[in-house]
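# any chance you can model this:
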Amino acid sequence: MTTVRELTAGDWPWLWPMPRDMGVGDEPAEAHRERFLRLLADPRWALLCAADLGPR
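Residues are numbered from 1 along each chain as shown. Okay, here's the model as predicted:
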């Protein structure tokens, strides 16, 4: 079953490898983490993920 939910600050460790491996830029990882946290705190944004919860 797949579920969609809002991302949280605790999701950063498993989320970061994806943009890092895509070569998001020359900024240090901490700069990207801070941007992620600012987006989470901004009510104009909804950061979502889809998670596979295993067999149905």
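
# next, count neighbours for residue 15.
By the criterion of other C-beta atoms under 10 Å, residue 15 has 16 neighbours. Quick note: C-beta positions are derived from backbone N, CA and C, even for glycine.

# and the helix ranked longest in the chain, what other elements does it pack with?
Looking across the chain with DSSP state H, the single longest helix is helix 29-41. With contacts taken as 3 or more C-beta pairs under 8 Å, 6 or more residues apart in numbering; DSSP states H and E, helix 29-41 sits against helix 12-15, helix 17-21.

# minimum distance to residue 45: which of those has it?
Closest of these to residue 45 is helix 12-15, at 14.5 Å (criterion: C-beta to C-beta).

# my read: residue 6 touches residue 43, true?
No: applying C-beta atoms under 8 Å as the test, residue 6 and residue 43 come out as separate, 11.7 Å apart.

# identify the contacts common to those two.
The overlap between the contact sets of residue 6 and residue 43 (C-beta atoms under 8 Å, 6 or more residues apart in numbering) is empty.

# which one's more surrounded, those two?
A count of neighbours by other C-beta under 10 Å puts residue 6 above the other of residue 6 and residue 43, at 11 against 5.

# which residue is the nearest non-sequential neighbour of that one?
In space, and not counting its chain neighbours, residue 6 is closest to residue 48: 6.1 Å by C-beta to C-beta, 6 or more residues apart in numbering.

# count of neighbours near that neighbour?
Neighbour count for residue 48, taken as other C-beta under 10 Å: 8.

# pretty sure it contacts residue 3?
No: Residue 48 is beyond contact range of residue 3, at 10.4 Å (criterion: C-beta under 8 Å).

# since that was my last question, I'll sign off now.
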